[in-house]
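**Student:** let's see this in three dimensions:
(2 chains)
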Amino acid sequence: EAGVAQSPRYKIIEKRQSVAFWCNPISGHATLYWYQQILGQGPKLLIQFQNNGVVDDSQLPKDRFSAERLKGVDSTLKIQPAKLEDSAVYLCASSLIMVLAGGSYEQYFGPGTRLTVT
Amino acid sequence: ILNVEQSPQSLHVQEGDSTNFTCSFPSSNFYALHWYRWETAKSPEALFVMTLNGDEKKKGRISATLNTKEGYSYLYIKGSQPEDSATYLCAFKNDYKLSFGAGTTVTVRA
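**Tutor:** Numbering: from 1, shown residues only, chains lettered A, B, ... in the order given. Down below sits the predicted model:
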């Protein structure tokens, strides 16, 4: 089965510019996640979708970040305008279902987009 | 935001030697503990999902243990090989969200 696809793999922009990342999850996976991983830190969840609805965006800086998953399949994450502190790897992950309580579930990750803001 | 700590931050190990490192997490409201291996320029790869206190899981030369009462998990690599060089991430599951540690970066020297 094909894995989670992300593009671009690398992006360099100047501060105050805009950038968009794209993610195509594993076919049939209802839940999609965007993570931000700053160097030296663990991945931090930015937003979680269940189909095309937002489950959690509590850590998304909404003044500059936006994400959508209009048809419940692929997703885009946008930063507008970018700041120096947005330099990070942006990981997309998907899982088959979202278990609300108990048990566990596997998240499958894409290779990430490495963003450098200069 | 949940506090998930991994130590050490990095380690170097000679090929053929064994090594281990730690993930500590909140001991309350525990659902699962995940381990991932993340090689440079690749996708993080799931190693283990552990849910029960006392769990031990093994995959080849890599194994993990879980203590949910005291809030820690160990990952062991036996007879390290260069292909084991990677960052190993643990993630604590509380409700529906994974909270990640910063990882332990392992470098295996030939």
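**Student:** what does chain B put close to chain A?
**Tutor:** Proximity of chain B to chain A, by Cβ under 8 Å from any Cβ of the partner chain, involves residues B:1, B:4, B:6, B:31-32, B:34, B:36, B:41-46, B:49, B:51, B:89, B:91, B:93, B:95-103. Bear in mind the C-beta positions are built from the backbone N, C-alpha and C, glycine included.
**Student:** for PyMOL, write the select line for the buried members of those residues.
**Tutor:** Here is the PyMOL command that picks out the buried ones among these, judged by 16 or more other Cβ atoms under 10 Å in any protein chain shown:
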select buried, chain B and resi 4+6+31+32+34+36+43+44+46+49+51+89+91+93+96+97+98+99+100+101+102+103
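**Student:** name the residues that touch the helix or strand containing B:Arg37?
**Tutor:** Using DSSP states H and E, B:Arg37 maps to strand B:32-38. Strand B:32-38 has contacts (Cβ atoms under 8 Å, 6 or more residues apart in numbering or on different chains) with A:103-104, A:107, A:109, B:23, B:25, B:44-51, B:64, B:66, B:68, B:73, B:75, B:86-93, B:98, B:103.
**Student:** with stretch B:89-103 instead?
**Tutor:** Residues outside stretch B:89-103 that contact it (Cβ under 8 Å, 6+ apart) are A:35, A:40-45, A:48, A:55-56, A:98-101, A:104, A:107, B:1-2, B:4-6, B:9, B:23, B:25-26, B:29-38, B:44, B:73, B:75, B:87-88.
**Student:** how long is that stretch end to end?
**Tutor:** 4 Å (Cα to Cα, to the nearest Å).
**Student:** that one - what's its average pLDDT?
**Tutor:** The average pLDDT for stretch B:89-103 rounds to 89.
**Student:** residue contacts, the most centrally placed residue in chain A?
**Tutor:** By Cα atoms, centre = their mean, chain A has its centre lying nearest to A:Trp34, at 2.2 Å. Neighbouring residues of A:Trp34 by Cβ under 8 Å, 6+ apart: A:23, A:45-48, A:67, A:75, A:77, A:90-92.
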